[in-house]
Every structure is written in structure tokens, then in C-alpha cells.
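Colleague: Coordinates for the following, if possible.
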Amino acid sequence: METPDQICSRILSRLPGAEVSVLQNPGPAAQHSLLVGRQSVLEVAEFLRDDPELRLDYCSNVTGVDWPEKIIVDVSKVSTPDPAGGAPKVTEVKTERVQPGYLEVVYHLYSVSLRHGPVILRTRTAGRDALAAVPSLTPVWRSAEFQEREIFDLFGVVFENHPDLRRILMWDGFKDHPMRRDYVEPEDYEWEPTPHGDLVEKAKKARAQAGGTPG
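Modeller: Here you go, the predicted model:
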């Protein structure tokens with residue numbers, strides 16, 4: 001099978017306006033992936049499925065990743081001339097910038113007909129809240145339907161044009177997304193019929209606050 005760099009080059013030759021690049025994986029697995037902009041991800045997905053050399057007809061897994069906002073420190077060197085004519089003084093200048101947070105969706109793709117894979121496809125939202133949306137790839141790979149629902153439920157990614165986007169693990173009235181890194185679990189564990197471990201103390205506290213039996 002072609003390398004991610006070769007696949008990326010062929011995508012760009014076929015779809016010149018597509019926003020796609022190769023994201024290197026520095027780990028031992030060296031499983032590099034295609035990073036595709038959300039505006040291009042649907043047409044790139046269709047290309048990967050339909051291209052006769054790839055035929056990536058099966059999406060085996062879809063996962064979500066939360067990347068919160070973080071501060072990046074950039075270091076630069078500034079040279080100051082020595083008035084006495086000696087060697088210039090070199091100092092480091094540090095500047096901070098904020099990298100906005102985003103959510104990432106990762107698809108693992110295989111070809112059943114050609115027996116190769118995986119090709120890893122990534123796309124990212126513009127933000128973590130109001131802008132947390134990407135196109136659904138369920139129209140391309142039907143196996144993505146339930147898995148995109150799970151990511152919607154647990155991470156809060158809105159999949160545009162998904163055929164049935166609703167919670168799949170949490171109940172409809174649940175307000176939060178438990179897989180986000182800034183998620184804070186509730187103190188109210190009164191629903192737990194047999195609390196164990198750390199839940200015992202939380203259950204006692206919740207019941208006491210509700211005016212029930214603390215034990």
C-alpha cells in the first residue's frame with residue numbers, strides 16, 4: 001500500500017484545493033496519518049473510498065481527542081552590541097501565545113476488497129464549544145454512524161448531516177461531555193445503588209446534603 005505521503009500527493013493532484021497534510025507520529029509505531037481540514041474532509045473521504053488503488057471501503061474505528069487551550073512559550077535570541085567593542089551580548093527572549101483548544105476526530109480506514117490498511121484520517125473542529133462541528137462521514141462509511149454518535153455524546157462534537165445525531169450512552173437530559181479533559185464529575189451519587197470505593201464517601205455526602213440517611 002502507498003505511504004501517507006504518496007496518498008497525500010495523489011489527493012492533492014486530484015483535489016488541488018483540498019486542505020490535507022501528513023501528520024507525523026514520533027512514537028515507536030510511526031503510524032503517520034492524514035490531517036484534513038473540515039472543509040475538505042468529505043470530498044477527501046469519498047476519494048479514499050472510491051480511488052481504485054486504495055478502495056478504503058471499511059471504517060473500523062472512530063475516536064475523539066480533546067485538545068484544550070494551552071500556552072505556548074516561544075524562545076528567540078536577541079543580540080546586543082557591546083559599546084566597548086567586545087563580543088555582542090546574546091540574551092533569550094521568551095514570549096507567550098495562546099493556542100486555542102479544539103476537538104479531533106480520528107478514523108481508521110481499511111480496504112476489505114484489496115486487503116490493506118489502515119489509513120488514518122484526522123479532522124479537527126474550529127473550537128471546543130460553539131465551533132465544535134465537523135461534517136459527518138457516515139454518508140461515506142455507514143459503520144461510522146454509531147461511533148460518531150458516541151463522540152457527539154462524550155466529547156460534544158457536532159457531526160453535520162449525521163442521519164441520527166443523538167446521545168447513545170448518556171441520557172437526554174445530561175448536560176456535559178464526560179470524555180473532555182476539563183470534565184468535573186458530579187458530587188451527587190445518590191443514584192448509585194451499591195456505592196463502592198471512593199463512591200461510598202461521595203454517596204454519604206450527597207445523601208446528607210439531600211437530608212437523607214448518611215449511611
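Colleague: in this structure, which helix or strand is least confident?
Modeller: helix 199-209 (a mean of 72; mean pLDDT, DSSP states H and E).
Colleague: Where do the helices of the protein begin and end?
Modeller: Along the chain, counting by DSSP state H, helices occupy 4-14, 41-50, 144-155, 199-209.
Colleague: Would you mark the buried spots in the least confident helix or strand of the chain?
Modeller: Using 16 or more other Cβ atoms under 10 Å as the test for burial, helix 199-209 gives 202, 203, 204, 206, 207. Every residue, glycine included, has its C-beta placed from N, CA and C.
Colleague: try stretch 48-57
Modeller: Within stretch 48-57, the residues that qualify as buried by neighbour count (16+ other Cβ under 10 Å) are 48, 49, 51, 54, 55, 56, 57.
Colleague: Nearest to residue 95 among the residues you listed?
Modeller: For the buried residues of stretch 48-57, the minimum distance to residue 95 (Cβ to Cβ) is 39.7 Å, reached by residue 48.
Colleague: what's near enough to touch that closest one?
Modeller: If a contact means Cβ atoms under 8 Å, 6 or more residues apart in numbering, then residue 48 has 7, 11, 54, 56, 109, 119, 121 as its contacts.
Colleague: Check residue 180 too.
Modeller: Residues counted as contacts of residue 180 (Cβ under 8 Å, 6+ apart) are 66, 128, 155, 156.
Colleague: make it 6 Å
Modeller: Residues in contact with residue 180 (Cβ atoms under 6 Å, 6 or more residues apart in numbering) are residue 66.
Colleague: for residue 49, same thing?
Modeller: Going by Cβ under 6 Å, 6+ apart, residue 49 touches 56, 140.
Colleague: Next: residue 148.
Modeller: By Cβ under 6 Å, 6+ apart, the neighbours of residue 148 are 136, 159, 162.
Colleague: got any ranges where this structure has weak pLDDT?
Modeller: Scanning the chain for pLDDT under 70 picks out 187-196, 203, 210-215.
Colleague: Just give me the residue right at the centre of it.
Modeller: Geometric centre of the chain, nearest residue: residue 104, 1.8 Å, by Cα atoms, centre = their mean.
Colleague: how about the nearest residue to residue 1, chain neighbours excluded?
Modeller: Taking Cβ to Cβ, 6 or more residues apart in numbering, and ignoring the residues beside it in sequence, residue 1 has residue 116 as its nearest neighbour in space, at 4.1 Å.
Colleague: Hmm, that neighbour is touching residue 3, no?
Modeller: No. Under the criterion of Cβ atoms under 6 Å, residue 116 makes no contact with residue 3, lying 11.9 Å away.
Colleague: Those two - which one has more neighbours?
Modeller: More crowded of residue 116 and residue 3, by other Cβ atoms under 10 Å: residue 116, with 15 against 10.
Colleague: Who does that one form a beta bridge with?
Modeller: For residue 116, the beta-bridge partners under DSSP bridges are residue 111.
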